[in-house]
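S.K.: Okay, sequence plus prediction incoming.
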Amino acid sequence: MRDLFPRLEFTGFGPSRVLPEGCETVCGQIKKNGPGGLKHQVKVLVPKEAGIYGIVDSSGILIYVGKAKNLRKRLQSYFLKKKSKERKLIRRATLICWQTCFSEFHAFLREIEVINLFLPSANVMGVAHRLRPVYLVLTSSEAPAIKLVKKLSSKYLEAYGPFNRSKTLRNAVSILNETLGLRDCAEKTPIHFANQKTLLGLLPLFGCMRHEIGNCLGPCAGGCDKKSYLAKLAQLKGYLKGEVGPVLEILRMQMSEFANRLQFEFAGLIKQKIHTLEVFAQILLKVKDLGKLNFLYWQKLKNGMFVINIIHEGVLVHSEIVEQFDSKRSLSKPILEKIRLKMKDSNQVLWASFQKLLIQRWFKKMKKELEQTISLPKGIG
C-alpha cells in the first residue's frame, strides 16, 4: 500500500514531540560521492552519541530509519558483514543522515516517531498502522456486549486498553462471550427480552447459531429476561476488574462434568480456555498499570546537565534539559506549570496509545532505569 502513491523527496526528519523542549539537536549527513566514500566519512564525521539515522536511496527517498546508543559504531557495523540486511541497505544508500537525541531513551521514541511519519519501505518493526493498538469496549445498547475496536468513542459504557492485537486477546473475548452467554452480534440488532411485551404476543424469530446451540442467552429472540442477562454482564464486569474467580469456576465445573463422563478430550479443551482467560487476566492487570505510570524520569547527560521527562498515564508529555537537578527536591514552579498545561492538551501526543506500549517496553528492557524515577507531586499525576 505504501508504494501506491508518489513519495516526497527526503529533506529532513522534521519537528518532534518527544525530544527535550527548547534544545536543538545536531543533524548531519554524508553522501556516497563524498571524499573517501561512505565508509570513511562515517568513521570521521558521524558523532559517537545516541541518536537516529536514516538511509536515503538514489531517488531521494528515505528507505530506512534506525536508532543507536553510539551512532558512529552502529553505522560502521553496516560495512562489516558481507551478507546481511545492513549490507544490502548500505549498497542502496546515496546519502546517510543522522540526528543526535541526548539519550538512548529519546532516540528510542524519536525513531518510532520518524518511522510513522515517513513509513520507510525497509522498516518492518515499529510501524503503528501494523501494530495499531485495539481496545476492549462494552457497548451501550440495551443488551451490552464486549467487542474489540480500533478507535475509542464516548458512546461506549466502558473501555479497556490499549492492547496489542493478538490471538490470545481475540480468543479471550470469544471465550468470555460463550461462557457467559453474552451476544456478539451487531449493535443495531433489535433486542426482545422474554418478559418484554410484543405485538400480538409473538416473539421475533431472530436468533443465531450460537443461540441454537446454547452458548448465547439470545436476548434478541426472547431467550432470556433482562435481569438474567444483566446478571451475566455483572460477572463479565467483575472479570474485567480483576474478579476472575466466578467466570473461571463456571469453566472448571464444565471441565469436571466432562471428566466425570470420561470425555477427556472435551475436558482438555475447557482446560485450554481456562488457561487463556488466566493469561488474559494478567494482560488486563498490566494494561491497568499503564494508566498508573505517573512519574518523573531523569537522566544525567555527558556534559553534566540533566534531562527530565514527565510520564503521565504512560505517555511522555514533557521533556526538558536543566542545568541542575536533585531528585530529593521539589520541581520549580515554572516547570510544574508547563506540566499542567501539557496534561490538559489532549493533542499533545498524536500516537499516545501506541507510545504507552513503547514506554512500558523501554522500562521492561531497561530495568535499572527505574532507579532514576520519582513520583510526581500531589495534584499533578
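M.R.: Now that the structure is in, tell me what you want to look at.
S.K.: got the residue ranges for the helices in the stretch 51-200 of the chain?
M.R.: Using DSSP state H, counting those that start in this stretch, the helices of the stretch 51-200 of the chain run over 71-76, 85-92, 104-118, 167-180.
S.K.: Distance of the closest residue to residue 182 other than its chain neighbours relative to residue 191?
M.R.: Leaving aside its chain neighbours, residue 182 sits nearest to residue 145 (5.5 Å; criterion: C-beta to C-beta, 6 or more residues apart in numbering). For every residue, glycine as well, the C-beta is placed using N, CA and C. Separation of residue 145 from residue 191 (C-beta to C-beta, to the nearest Å): 11 Å.
S.K.: Keeping just the C-alphas, turn stretch 219-231 into CSV.
M.R.: C-alpha atoms of stretch 219-231 as CSV (Å, rounded to 0.1, in the frame of the first residue of the first chain):
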residue,chain,number,x,y,z
PRO,A,219,-31.7,-11.5,24.1
CYS,A,220,-32.7,-10.8,20.5
ALA,A,221,-35.1,-13.7,20.4
GLY,A,222,-36.7,-13.7,23.8
GLY,A,223,-34.3,-16.3,25.1
CYS,A,224,-33.8,-14.7,28.5
ASP,A,225,-35.2,-11.8,30.5
LYS,A,226,-33.3,-8.6,31.1
LYS,A,227,-32.4,-9.5,34.8
SER,A,228,-30.7,-12.8,33.8
TYR,A,229,-28.7,-11.1,31.0
LEU,A,230,-27.5,-8.3,33.3
ALA,A,231,-26.5,-10.8,36.0
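S.K.: can you offset everything so residue one is 49?
M.R.: In the new numbering, first residue 49, that becomes stretch 267-279.
S.K.: Centre of the chain to that stretch, how far?
M.R.: 35 Å (C-alpha atoms, centre = their mean, to the nearest Å).
S.K.: what about the stretch 249-398 of the chain, any weak spots by pLDDT?
M.R.: Applying pLDDT under 70 to the stretch 249-398 of the chain flags residues 249-255, 337-340, 391-398.
S.K.: Going along the chain, name the strands of it.
M.R.: In the stretch 249-398 of the chain, the segments counted as strands under DSSP state E, counting those that start in this stretch are 343-348, 354-360, 363-370.
S.K.: Need these in TSV (columns: distance to residue 321 and mean neighbour count).
M.R.: As requested, the strands of the stretch 249-398 of the chain are exported to TSV (distance: least, C-beta to C-beta, whole Å; neighbours: other C-beta atoms under 10 Å):
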stretch	distance to residue 321	mean neighbour count
strand 343-348	37	18
strand 354-360	36	21
strand 363-370	34	20
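S.K.: Domains in the chain, by residue range?
M.R.: Following the assignment in automatic domain parsing, the chain carries domains at 75-166, 217-329, 343-423.
S.K.: deepest of those, which one?
M.R.: By mean neighbour count, with neighbours taken as mean count of other C-beta atoms under 10 Å, domain 75-166 ranks first of the domains of the chain at a mean of 18.
S.K.: What's the end-to-end length of that one?
M.R.: 17 Å (C-alpha to C-alpha, to the nearest Å).
S.K.: JSON lines please, covering the domains of the chain and showing distance to residue 202.
M.R.: Converted to JSON lines, these look like this (distance: least, C-beta to C-beta, whole Å):
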{"stretch": "domain 75-166", "distance to residue 202": "26"}
{"stretch": "domain 217-329", "distance to residue 202": "15"}
{"stretch": "domain 343-423", "distance to residue 202": "13"}
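S.K.: who wins for proximity to residue 210 among those?
M.R.: Closest to residue 210 of the domains of the chain, according to C-beta to C-beta: domain 343-423, at 4.2 Å.
S.K.: Now do the same contact list for residue 98.
M.R.: Residue 98 makes contacts with 115, 116, 117, 118, 119, 148, 149, 150, 151, 152, 154, 155, as judged by C-beta atoms under 8 Å, 6 or more residues apart in numbering.
S.K.: Roughly how far does it sit from residue 153?
M.R.: Residue 98 sits 8 Å away from residue 153, going by C-beta to C-beta.
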